[in-house]
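Peer 1: Task: produce atomic coordinates for the following.
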Amino acid sequence: MAGNNNPTVAGRRLGAELRRLREDSGMTGTQVAARLLISQAKVSHMETGRRAVSPRDVRDLCMLYGVTDQNTVDSLTALARESSRQGWWHSYGDIPHSVYLDLEAVADSVRAYACMVIPGLLQTPAYAATVIEETIPLVTVGQAAARLKVCLRRQHRIYDPGRRLHLWVVLDESALRRVVGSREVMREQLEHLHALSAEPHIAVQVLPHGAGAHPGLTGQFSILEFSDSLEAVVYLERFTSGLCLAKASDVRQYGMSHARLRELALAPEQSRQFITDVIKLYAS
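Peer 2: Now for the predicted structure:
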């Protein structure tokens, strides 16, 4: 269980193990809270990975659940310590959306809808730098440079032959038409997008304006899926933070929304031709 080097994922794995142990013991969250003199909300948050679990919490819970195997206790304790550590992005300063970065680093696949800009995983350095500089009020040179480094480091996942991230993006036509930086920056960005869309592990579908009303009108979202026992989650990105949804009903709803967006969007090959046509406009 231990040794994943990922604090958010470690917390979610630890929470899932603690929930399983509680259920195996036949106890409810209310009973656990009463026995340990804590709130039921704390029990729930520990089991969903939304609250840090200390080694002492692990010890108390294991004793309560009758866990006698020392290897199990040691593994859970190691996860508790791992979950309290900082992610790799903290070395770059105050970077928003840390929970998403943590999950994306170990996700097996991401299904996303983007309506305003090209997603960070598919951005060129020039495009990414412009987005950072123009969307963050009073950003300093140092802050902009740090965020650009984080953006580019995230992209290692789609180039890593050992554990490539599978990506399926539905991209609104507006993101292709909006001139970010300059026409030259946009031409370079769309050429990069066109090249990546030919990769077998990356699918890009363009949702044209003519598609009309659709489930993505409420905003962008990402569905992250994992190859191990972790359940899929939905991430809703906002300006300075984001919302992570782990309820099965929420994940299912967004999954159906993404499926509907794929139906309305151009097929991957048609989308590549659409991108080519827009590139010609920027090159002219």
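
Peer 1: Summarise which helices and strands the one helix or strand residue 47 maps to is packed against.
Peer 2: Secondary structure assigned from DSSP states H and E places residue 47 in helix 40-48. With contacts taken as 3 or more C-beta pairs under 8 Å, 6 or more residues apart in numbering; DSSP states H and E, helix 40-48 sits against helix 7-25, helix 29-36. C-beta coordinates here come from the backbone N, C-alpha and C atoms, glycine included.

Peer 1: Throw the ones you listed into TSV and include mean neighbour count, mean pLDDT and distance to residue 245, thanks.
Peer 2: Below are those laid out as TSV (neighbours: other C-beta atoms under 10 Å; pLDDT from 0 to 100; distance: least, C-beta to C-beta, whole Å):
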stretch	mean neighbour count	mean pLDDT	distance to residue 245
helix 7-25	20	83	13
helix 29-36	15	92	20
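
Peer 1: what's the closest of these to residue 78?
Peer 2: Shortest distance between residue 78 and the helices and strands packed on helix 40-48, using C-beta to C-beta, is found for helix 7-25: 8.7 Å.

Peer 1: how close does the residue nearest the centre of the chain get to residue 133?
Peer 2: Closest residue to the average C-alpha location of the chain: residue 100 at 3.8 Å, with C-alpha atoms, centre = their mean. Separation of residue 100 from residue 133 (C-beta to C-beta, to the nearest Å): 21 Å.

Peer 1: Show me the strands in the stretch 1-150 of the chain, by range?
Peer 2: If DSSP state E, counting those that start in this stretch is used as the criterion, the strands of the stretch 1-150 of the chain fall at 109-114.

Peer 1: What ranges in it fall below the confidence cut-off?
Peer 2: Scanning the stretch 1-150 of the chain with the threshold set as pLDDT under 70 gives 1-8, 84-96.

Peer 1: quick one: contacts of whatever helix or strand residue 250 lives in?
Peer 2: For residue 250, the host element (DSSP H and E) is helix 248-264. Helix 248-264 has contacts (C-beta atoms under 8 Å, 6 or more residues apart in numbering) with 111-113, 168, 170, 205, 207, 211, 214-216, 221, 223, 231-234, 245.

Peer 1: Let me see the contact set for the spatially closest residue to residue 100 that is not a sequence neighbour.
Peer 2: For residue 100, ignoring the flanking residues on the chain, the nearest one in space by C-beta to C-beta, 6 or more residues apart in numbering is residue 235 at 4.9 Å. Residue 235 sits next to 99, 100, 103, 221, 222, 223, 224, 242, 243, 244, 245 when contact means C-beta under 8 Å, 6+ apart.
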